[in-house]
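Student: Return atomic coordinates for the entry below.
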Amino acid sequence: MSNSSVKHMLLAVCFFALMNVAVKTLPHIPAIEIILFRSVFSFIASYLILKRKAVPVFGNNKKLLVIRGVVGSVGLITFFYTLQHIPLASAVTIQYLGPIFTSILGIFIVKEKVKPKQFLFFAIAFSGVIMIEGFDPRIDSLFLAIGITSALFSGLAYNVIRKLKNTEHPLVIVFYFPLVTIPIAGVLSYFFWKQPEGWDWAFLLLIGILSQLAQYFMTISYQNANLAKVSNLNYIGIIFALGFGFILFDETYNLFTYGGMLLVLSGVILNFLYARSPKSK
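Tutor: From the prediction side, this is the model:
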């Protein structure tokens, strides 16, 4: 795993964390409507950059690109829904099941090998997620199911990105996300529309900018590194989620939550060090 892949994923994690805060700041705007605005911004930005770089906007493997757009849309819609209805750190930690699904599905979809010892590290991180969720009474079974659905579809999306590594420009993959999402979000938003006012517009624009940057750096990272090794860096975002939740939204947690955070970070660090070790090659 190259240093550039690590840097790209860390940048993506940072931008995603800031985007989550912006979404959480707009609880009065339906999640699907936020996704619509986000997708319109991403569509325009991606299209203009692709035209500027003279890259064919519709890519080569259109079937896989559409599939990436569909599974990515389902993952995003379900994640934003949980993000608005449960504490920030809880929503994010449920989403952190995504890298586990990514690694496991990667064995079958992109035929990547995962060393037996890495499953131990995944289990350590996974146990941390379970501990955090198990001691948060603010989450019911419905939100948990929706959150797990989001993580599963995120894992599918990341594997499709990996399969597109040798055929598509990263921005083409990013472009197909809003291309597919806009019609879906547009129809659903019709039934739940609420007119944004004042600072709502600034936050909606900020969400578009942050998500575009996050998607771009994440795509580059997944295209140039082993899925099982780089996907676990997503867990570092738990630090941002817990910090922002406490400082900005007065969300408090007990010692079990912090214990879960420690387990998650331990699993991430152990897997990262093992992936970089010559013995793991």
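Student: Could you check how far stretch 5-18 is from the centre of its chain?
Tutor: Relative to its chain's centre, stretch 5-18 lies at 10 Å (Cα atoms, centre = their mean, to the nearest Å).
Student: Quick check: buried residues in it?
Tutor: 5-6, 8-18 (16 or more other Cβ atoms under 10 Å). Bear in mind the C-beta positions are built from the backbone N, C-alpha and C, glycine included.
Student: and it, average pLDDT?
Tutor: Average pLDDT, stretch 5-18: 87.
Student: do the same with stretch 233-244
Tutor: In the prediction, stretch 233-244 has an average pLDDT of 82.
Student: cool, and stretch 72-85?
Tutor: 92.
Student: how far is it from where the chain is centred?
Tutor: 10 Å.
Student: Give me the contact list for that stretch.
Tutor: With Cβ atoms under 8 Å, 6 or more residues apart in numbering as the test, stretch 72-85 has contacts from 20, 23-24, 26-27, 31-32, 34-35, 91-92, 94-95, 98, 143, 146-147, 149-154, 156-157, 177, 180-181, 184-185.
Student: What's the ChimeraX syntax to select whichever of those are buried?
Tutor: Here is the ChimeraX selection string for the buried members of the contacts of stretch 72-85, based on 16+ other Cβ under 10 Å:
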select :20,23,24,26,31,32,34,35,91,92,94,95,98,143,146,147,149,150,151,152,153,154,156,157,177,180,181,184,185
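Student: on that earlier part again, with the buried residues of stretch 5-18 in mind, which one is nearest to residue 258?
Tutor: Ranked by distance to residue 258 (Cβ to Cβ), the buried residues of stretch 5-18 are led by residue 17 at 17.9 Å.
Student: Please, which helix or strand holds that closest one?
Tutor: helix 3-24 (DSSP states H and E).
Student: doesn't residue 87 make contact with residue 138?
Tutor: Yes. Between residue 138 and residue 87 there is a contact under Cβ atoms under 8 Å: 5.9 Å.
Student: neighbour-wise, which of these two wins?
Tutor: Taking other Cβ atoms under 10 Å, residue 138 and residue 87 do not tie; residue 87 has more neighbours (23 against 10).
Student: what about the closest residue to that one other than its chain neighbours, which SS state?
Tutor: Leaving aside its sequence neighbours, residue 87 sits nearest to residue 251 (Cβ to Cβ, 6 or more residues apart in numbering; 4.6 Å). Secondary structure, DSSP: H, G, I helix; E, B strand; the rest coil: residue 251 is coil.
Student: Now do the contacts for residue 251.
Tutor: 87-89, 245.
Student: Show me the shaky parts of the stretch 151-281 of the chain.
Tutor: Applying pLDDT under 70 to the stretch 151-281 of the chain picks out residues 225-229, 231-232, 272, 275-281.
Student: count of neighbours near residue 197?
Tutor: 9.
Student: how close does it get to residue 206?
Tutor: Look at residue 197 and residue 206: by Cβ to Cβ, to the nearest Å, they are 16 Å apart.
Student: I'd say residue 96 and residue 234 touch.
Tutor: Yes. Counting by Cβ under 8 Å, residue 96 does reach residue 234; the two are 6.4 Å apart.
Student: SS state for residue 114?
Tutor: Going by three-state DSSP: residue 114 is coil.
Student: for it, phi and psi?
Tutor: phi -120, psi 120 (degrees, to the nearest 10).
Student: Over to residue 135?
Tutor: Dihedral angles (degrees, to the nearest 10) for residue 135: phi -110, psi 20.
Student: who touches it in this structure?
Tutor: Contacts of residue 135 (Cβ under 8 Å, 6+ apart): 254, 256-257, 260.
Student: Let's see if you can find the most crowded of the residues you listed.
Tutor: Within the contacts of residue 135, neighbour counts (other Cβ under 10 Å) peak at residue 260, which reaches 26 neighbours.
Student: ok, that one touching residue 126?
Tutor: No. Look at residue 260 against residue 126 with Cβ under 8 Å: they stay out of range, at 10.4 Å.
Student: Could you verify my assumption that residue 101 touches residue 151?
Tutor: Yes. At 5.7 Å, residue 101 and residue 151 qualify as touching, with contact defined as Cβ under 8 Å.
Student: what do those two both touch?
Tutor: With Cβ under 8 Å, 6+ apart as the test, residue 101 and residue 151 reach no residue in common.
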